[in-house]
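Trainee: I would like the atomic coordinates for the input below:
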Amino acid sequence: MKIVIIGGGPAGRVAAMEAAQLEADVTLIEKEHIGGTCLHEGCMVICGFNDVVKFHEDSEKFQKMGIIPQNYSLDYNQVVNGIKQVTGKIESVLKHETRESGVEIVKGEVSTVNEENVELNGEEHRYDKLLISTGARPFIPPIPGAEDALTYKDVLDLKKVPENLNIVGSGVIASEFAAIFSSLGSKVNVLCRGHFLRNLDDEIKDYVLKNLLNDVIIHENVKVDEITSKSIITSNGEMDGLSFLATGMIPNTEIIKDMVNIGSRGYIEVNGQMQTSNPSIYAAGDVVGTVNNTPVARREGLVAARNACGISATMDYNLIPQSLTLYYPVSFLETESEKSSDEFNVRIRGSAGPGSFWNVLDGNTGLTKLSGNIENGEITKAYSISTASRTSMPYLAKMIKDGYKTSDFDDFIETHPSTDAIYKLLQYLAKYG
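Mentor: Model prediction:
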């Protein structure tokens, strides 16, 4: 079995390694960097900045308390250089383990694809099965002057922190970069066509705005009319500063659009086995437009590889934990269960512990909230703002998938000290729910 994979991001790389372990002859084609957007422009870049931001904010707090006497300044260029060094080292590790699994990595940009071959660098690579994992890129809205705006792809090219930054968008990317640049010293405005973080629970969103994005000015229901190199013009007036677009993604489907069905939003259509309308072609990751996050892309790649190798596997999108990377991770999940007339909604403030101890004095220790069915003990929604929430939320999702109810947590013992209050609410519900 000869499998060719186009795209070396999370979906393509995991698929390549899985197929190789299933004894397929695998060629992974990547035009730029193994690791994709997540490693070089997205998740890991956010993590790099966020670690610095947390240190910066904690240091300011400790200076005010007299714990740290000296003042200091951040060097943005050194932060950027450090991020590039780390992501470069991670890429080297990814390349090594990918090759060690038996995958051939070919660098270059695919010029043509037909029913039998993929061509790049003047050479043809024959395939029995083809996987498209070419990802997505920032969507540039049809706004006059939009070409003068930044996107996440430009952040590591900046020479200094902007004095004023106007972020157009209302979702995860907008909130994460707003938090970063606000902490680094920018005056940040977020301009939303509708509502900001509209998929978050209202109480959780309110906590985020008051405690994690408190220096960011949010403008909802605003129309952007024009962008210039020095300002942005909206229905509410003109604002000075650089503009940053966080207006969604557009899939990279150009190379394959004439060979598979493309949906109304431009993404490749696939079934539960990640197979396209062409039985020899599979697709996974951001290019299929399901849930745009790395763990989902990896799982999609795994499912695609197994099916391409003749092993049945189906993608399950129910109960996917998600998060925002802010000072505290904001993690959440929702089931597909219908709302019950007999529903519990319980909440608790976060605990003092690793990463939140010194915030007790400010009252900013996080917030956890659970919803569900009182009668049968089913957990339907979970939200947690804490240093540990990103770790605990996927385990809770797994437990709910496996049928755990609130009563099953009566004898739960946590690792102490923990800042995540999910277990406290579950123990309370087990006793009194």
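Trainee: Please tell me how far His33 sits from Glu91.
Mentor: With distances taken as Cβ to Cβ, to the nearest Å, His33 is found 6 Å from Glu91. Bear in mind the C-beta positions are built from the backbone N, C-alpha and C, glycine included.
Trainee: Show me whatever sits in contact with both of these two.
Mentor: Common neighbours of His33 and Glu91, using Cβ atoms under 8 Å, 6 or more residues apart in numbering, are 39-40.
Trainee: Which stretches in the stretch 201-350 of the chain count as helices?
Mentor: 202-207, 294-308 (DSSP state H, counting those that start in this stretch).
Trainee: Please identify which of those helices is closest to Phe49.
Mentor: Proximity to Phe49 (Cβ to Cβ) singles out helix 294-308 among the helices of the stretch 201-350 of the chain, at 17.1 Å.
Trainee: The residue nearest to the spatial centre of the chain - nearest residue in space that isn't next to it in sequence?
Mentor: With distances taken as Cα atoms, centre = their mean, Asn293 lies nearest the centre of the chain, 4.5 Å away. The spatial neighbour of Asn293 that comes closest, neighbours along the chain excluded (Cβ to Cβ, 6 or more residues apart in numbering), is Gln322 at 6.5 Å.
Trainee: same check, this time on Gly185
Mentor: The shortest distance from Gly185 to any non-neighbouring residue, by Cβ to Cβ, 6+ apart, is to Val161 (5.2 Å).
Trainee: Which strand or helix spans that neighbour?
Mentor: Val161 is part of no helix or strand when elements are defined by DSSP states H and E.
Trainee: isn't it right up against Tyr76?
Mentor: Yes: Val161 lies in contact with Tyr76 (Cβ atoms under 8 Å); the separation is 5.2 Å.
Trainee: Overlap in contacts, these two.
Mentor: Leu184.
Trainee: could you point out which element follows the helix ranked longest in the chain?
Mentor: Determined from DSSP state H, the single longest helix within the chain is helix 76-100. Proceeding N to C from helix 76-100, the next assigned helix or strand is strand 104-107, under DSSP H and E.
Trainee: Packing partners of that next one?
Mentor: strand 25-30, helix 76-100 (3 or more Cβ pairs under 8 Å, 6 or more residues apart in numbering; DSSP states H and E).
Trainee: Pairing partners for it, with directions?
Mentor: Each strand paired with strand 104-107, and its direction, by DSSP bridges: strand 25-30 (parallel).
Trainee: taking the mean pLDDT, what do you get for stretch 276-296?
Mentor: Mean pLDDT, stretch 276-296: 96.
Trainee: To clarify, my last question referred to stretch 53-72.
Mentor: 91.
Trainee: Send over that stretch as PDB, restricted to the C-alpha atoms.
Mentor: Extracted in PDB, the C-alpha atoms of stretch 53-72 (Å, rounded to 0.1, in the frame of the first residue of the first chain):
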ATOM      1  CA  VAL A  53       3.100  37.300  30.100                       C
ATOM      2  CA  LYS A  54       2.300  35.300  33.300                       C
ATOM      3  CA  PHE A  55       5.800  35.900  34.500                       C
ATOM      4  CA  HIS A  56       5.500  39.600  33.700                       C
ATOM      5  CA  GLU A  57       2.200  40.000  35.500                       C
ATOM      6  CA  ASP A  58       3.300  38.000  38.500                       C
ATOM      7  CA  SER A  59       6.500  40.000  38.800                       C
ATOM      8  CA  GLU A  60       4.600  43.300  38.800                       C
ATOM      9  CA  LYS A  61       2.400  42.000  41.600                       C
ATOM     10  CA  PHE A  62       5.500  40.800  43.600                       C
ATOM     11  CA  GLN A  63       7.100  44.200  43.100                       C
ATOM     12  CA  LYS A  64       4.000  46.000  44.500                       C
ATOM     13  CA  MET A  65       4.100  43.700  47.500                       C
ATOM     14  CA  GLY A  66       7.800  44.400  48.000                       C
ATOM     15  CA  ILE A  67       8.800  40.800  47.300                       C
ATOM     16  CA  ILE A  68      10.800  41.700  44.200                       C
ATOM     17  CA  PRO A  69      12.500  45.100  44.600                       C
ATOM     18  CA  GLN A  70      14.000  45.700  41.100                       C
ATOM     19  CA  ASN A  71      12.300  46.900  38.000                       C
ATOM     20  CA  TYR A  72      12.900  45.300  34.600                       C
END
